[in-house]
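K.L.:
Quick one: sequence and predicted model below, then my questions.
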Amino acid sequence: MPGGVPMSWYLILSAILFGLGVAGFIYRRNIITVFMSIELMLNAVNLTFITFSYQLKQVDGHIFSFFVMVVAAAEAAVGLAIILTVFKNRETLMIDEVSSMKY
Amino acid sequence: MNLWLIPVLPFVGFLINGLFGRRMPKSMINVFAIGSVALAFIWVVKTLLGLGDLETKYIEHYFTWIQSGPLQINVDFAIDRLTAVMLMVVTGVGTLIHIYAIGYMEHEDGYYRFFSYLNLFMFFMLILVLAQNYLLLFVGWEGVGLCSYLLIGYYFTEQFATTAGNKAFIVNRIGDFGFSLAMFLIFRQFGSLDFSKVFDSAQSMPTETTVGLLTTICLLLLVGATGKSAQIPLFVWLPDAMAGPTPVSALIHAATMVTAGVYMTARSATLFMHAPIAMDTVAVIGLATAFFAATIGLAQTDIKKVFAYSTVSQLGYMFLGAGVGAFSAGIYHLMTHAFFKALLFLGAGAVIHGLHGEQDLRQMGGLFKHMRITAITLLCASFAIAGFPFTSGFFSKDAILVAAYARAPWMYWLGVLTAGMTAFYVFRAWFLAFTGKYRGHAHPHESPLVMTGPLMILAVLSLGGGFINIPHWLEPLFPEKPENEMLAWLSAGVGIVGILIAYLFYVVKPSLPESIANAAGGLYKLVYNKYFVDEIYDAAVVTPLLATSRVVLWKGVDAGVIDGTVNGVGHRSRGIGGILRLLQSGNIRSYAAWVVLGSVIVLLAIGFAGGQQ
């Protein structure tokens, strides 16, 4: 399409989103925020898949992105269940305080 | 002809007595023990009568024991004239000693164990004698060594008995090592261990003038023989073996096992005849042992030790005979020695039994009137061993000495001197035990008929056994040596002189030995302590070996290297684990950081590797 948004912008956006996700995953202390960062990373990857799929005129990327969404949803469900259990037992959402598996 | 019955009968006796003897009454144990050996003897006689002349060897093949590549070992038994002599001696004297042992071991614990071991010994000895190849002979060889160990250590609750048993077995083993090496060389050279094959091949080989292969084989066989037949340097186990019961000393360490070395040498005569250097070595070692052991026997105070050193000395004579080429004379002496030495030991046993365990000659004396039969039979044996004219010992010893003269006159003179010493020490023992006044504290009594019966039979054999002309019988196997009347009478004369000197020392003037011992001083001490041979061996061989074992092998290799390696692996694992566990910090953020780091590395790796194609 003439004058459309260039492909590279989508990829750069995706990379920035992924980087933000990683930063949040490492540096945030609240477990819910960490989960949100994980979701961010997953969606960044989704964007990349769709971009390449559009560029190469193949449907594989779309299909894969469906899978990623499904997995993200399932993982969120399970993860939130675990967080709830941990909160019930440890009364805290700060991941630094859940460190009883230390050697 | 069923030759296999001859060894198997005593083996059956061993099994029955060994497995069930604990619960059997003594009479039943006796039946099986004596019966099996007596039946073996009867079977031997029957077989020999049936075989007649035995000009050629009679062989029975049983089965192939080992078949591995070029090596084939069969279990074959054979009888030729040499085997016939050995069979008669082993089973005949063996039966007499078994009968004697009924009386001697009457009050001992483990009665059934004694007889089962004795039967096992007969089994192995008969295998040794009947075997037709070196490996089967070695089976018997090792087996009799085992039984010797078991029987010497029969009183296993006593430290000295178990130590003596160990010593006998270990020293024997050293000899067996030489024998094994000889067998390896024989196989390598001749491709077989079978007697017929080896000797036929050896016949066509040239006589060696330098130390070649045949000489090496024969010297190694000699090492084996010195171990089993107690020659220098491996004789040290025999005097200690007197710790066993006296019937054991008589059977194993006088009549049969110790003669295995002589038999093996005679059997390998073909090999030796082609290696003159080895023959000379045999003769010199035999003569040196004969002389050396006789000097030690002069000063011993334990009656069994006197006879033990006498056995070592007489075995030296047999080797001397073999070494100068008079193999038949050596075997002749083997037979007569079996008679009179077994009698000497059994008689000594009767004396010890009658004195309730006393073995020291200094505590005996004047026993003639208490034990007439024992005294008279022992006197017959003493005359025989001293080579008194027309006794069995006279004929056999002189056959050897005359042959020695033909080889080298100095051997004859040294042998004659030893004969004189032999006569001296054996009559010394007789006079000290049976004449004079009784110096002990027990109540001596004569032994029962079951013990004196064999003594009497052996006395008849000791006196008359010389008239069985063995050298003539063995003529087809070993060429006969020329006779020399004068030399024979000369050595008999020296023997009589020895008897008279002993008479002088111990009957006429009992104070004389004391004063001579004091005058000789250091020399006497040296001889009395058997030249400190045991102490020398202990210092030179045993202690360094034990020290090496303890320090180098145990502490160094086993505890240090092997344990160190195994434990070290464990320690390293713990060390590495100790480092790796630091990853488990429990801190979720550090886990997250590791995940990110890992994924970055993987991406970079894929990128450098060219990406997904």
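P.N.:
Looks like it arrived, so ask away.
K.L.:
what about the residue of the stretch 401-550 of chain B found nearest chain A, neighbour count?
P.N.:
The nearest approach of the stretch 401-550 of chain B to chain A comes at B:Arg550, 43.8 Å away (CB to the nearest CB). Placement of C-beta: from N, CA and C, glycine included. Burial measure for B:Arg550: 11 neighbouring residues, criterion other CB atoms under 10 Å in any protein chain shown.
K.L.:
Secondary structure class of it, three-state.
P.N.:
At B:Arg550 the chain is in helix, as set by DSSP: H, G, I helix; E, B strand; the rest coil.
K.L.:
Tell me the secondary structure of the nearest residue to B:Met86 once chain neighbours are set aside, please.
P.N.:
What sits nearest to B:Met86 in space, not counting adjacent residues and going by CB to CB, 6 or more residues apart in numbering or on different chains, is B:Val129, at 4.4 Å. Under three-state DSSP, the three-state class of B:Val129 is helix.
K.L.:
Then B:Phe77?
P.N.:
Classified using three-state DSSP, B:Phe77 is strand.
K.L.:
related to what we said a few turns ago, separation between the residue of the stretch 401-550 of chain B closest to chain A and B:Ala559?
P.N.:
Relative to B:Ala559, B:Arg550 is positioned 11 Å away (CB to CB, to the nearest Å).
K.L.:
B:Leu320 now?
P.N.:
Counting by CB to CB, the gap from B:Leu320 to B:Ala559 is 50 Å.
K.L.:
Who has more neighbours out of the two?
P.N.:
When neighbours are counted by other CB under 10 Å, B:Leu320 comes out ahead of the other of B:Leu320 and B:Ala559, with 32 against 12.
K.L.:
Find me the pLDDT at the residue nearest to that one when sequence neighbours are not counted, would you?
P.N.:
Sequence neighbours aside, B:Gly286 is the residue nearest to B:Leu320 in space, at 3.8 Å (criterion: CB to CB, 6+ apart). B:Gly286 is assigned a predicted lDDT (pLDDT) of 93.
K.L.:
Kindly list the main-chain dihedrals of B:Phe63?
P.N.:
phi -150, psi 170 (degrees, to the nearest 10).
K.L.:
need the contact list for it.
P.N.:
B:Asn74, B:Val75 (CB atoms under 8 Å, 6 or more residues apart in numbering or on different chains).
K.L.:
And the pLDDT at it?
P.N.:
89.
K.L.:
and B:Val416, how far is that from B:Ile79?
P.N.:
Taking CB to CB, one finds B:Val416 at 36 Å from B:Ile79.
K.L.:
so who does the residue nearest to B:Leu320 touch?
P.N.:
B:Gln231, B:Leu315, B:Gly316, B:Tyr317, B:Met318, B:Phe319, B:Leu320, B:Gly321, B:Ala322, B:Gly323.
K.L.:
Just want the residue of chain B that's nearest chain A.
P.N.:
Closest point on chain B to chain A, by CB to the nearest CB, is B:Gly586, at 3.1 Å.
K.L.:
Do I have it right that that residue meets A:Glu97?
P.N.:
No - between B:Gly586 and A:Glu97 there is no contact, the gap being 10.4 Å when judged by CB atoms under 8 Å.
K.L.:
and the residue of chain A nearest chain B?
P.N.:
A:Lys102 (3.1 Å).
K.L.:
phi, psi of that residue?
P.N.:
phi -70, psi 150.
K.L.:
per-residue confidence at it?
P.N.:
For A:Lys102, pLDDT reads 80.
K.L.:
likewise B:Leu54?
P.N.:
At B:Leu54, pLDDT is 76.
K.L.:
Please apply the same query to B:Gly440.
P.N.:
pLDDT at B:Gly440 comes out at 78.
K.L.:
Would you check how far apart the closest residue to it other than its chain neighbours and B:Val306 are?
P.N.:
Leaving aside its chain neighbours, B:Gly440 sits nearest to B:Gln363 (4.0 Å; criterion: CB to CB, 6+ apart). In this view, B:Gln363 and B:Val306 are 14 Å apart by CB to CB.
K.L.:
which of these two has more neighbours?
P.N.:
With neighbours defined as other CB under 10 Å, B:Gln363 and B:Val306 compare such that B:Val306 has more, 25 against 16.
K.L.:
Checking the spatially closest residue to the residue of chain A closest to chain B that is not a sequence neighbour next. Helix, strand or coil?
P.N.:
Excluding the flanking residues, the one nearest A:Lys102 by CB to CB, 6+ apart is B:Gly586, at 3.1 Å. When classified by three-state DSSP, B:Gly586 comes out as coil.
K.L.:
Could you give the backbone dihedrals for B:Gly586?
P.N.:
Per degrees, to the nearest 10, the backbone of B:Gly586 is at phi 80, psi -10.
K.L.:
count of residues packed around it?
P.N.:
B:Gly586, neighbours per other CB under 10 Å, totals 13.
K.L.:
can you check the one 3 residues further on too?
P.N.:
By other CB under 10 Å, the residues close to B:Arg589 number 17.
K.L.:
That one: which element?
P.N.:
helix B:588-608 (DSSP states H and E).
K.L.:
which residues are contacting that helix?
P.N.:
Residues contacting helix B:588-608 (CB under 8 Å, 6+ apart): A:Val22, A:Phe25, A:Ile26, A:Arg29, A:Val34, A:Ile95, A:Asp96, A:Val98, A:Ser99, B:Leu583, B:Ser585, B:Gln612.
K.L.:
Need those in JSON lines (columns: distance to B:Phe388).
P.N.:
Listed next are those as JSON lines, based on distance: CB to CB, whole Å:
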{"residue": "A:Val22", "distance to B:Phe388": "116"}
{"residue": "A:Phe25", "distance to B:Phe388": "115"}
{"residue": "A:Ile26", "distance to B:Phe388": "114"}
{"residue": "A:Arg29", "distance to B:Phe388": "117"}
{"residue": "A:Val34", "distance to B:Phe388": "116"}
{"residue": "A:Ile95", "distance to B:Phe388": "112"}
{"residue": "A:Asp96", "distance to B:Phe388": "112"}
{"residue": "A:Val98", "distance to B:Phe388": "109"}
{"residue": "A:Ser99", "distance to B:Phe388": "106"}
{"residue": "B:Leu583", "distance to B:Phe388": "97"}
{"residue": "B:Ser585", "distance to B:Phe388": "101"}
{"residue": "B:Gln612", "distance to B:Phe388": "110"}
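K.L.:
Alright, that wraps it up for me.
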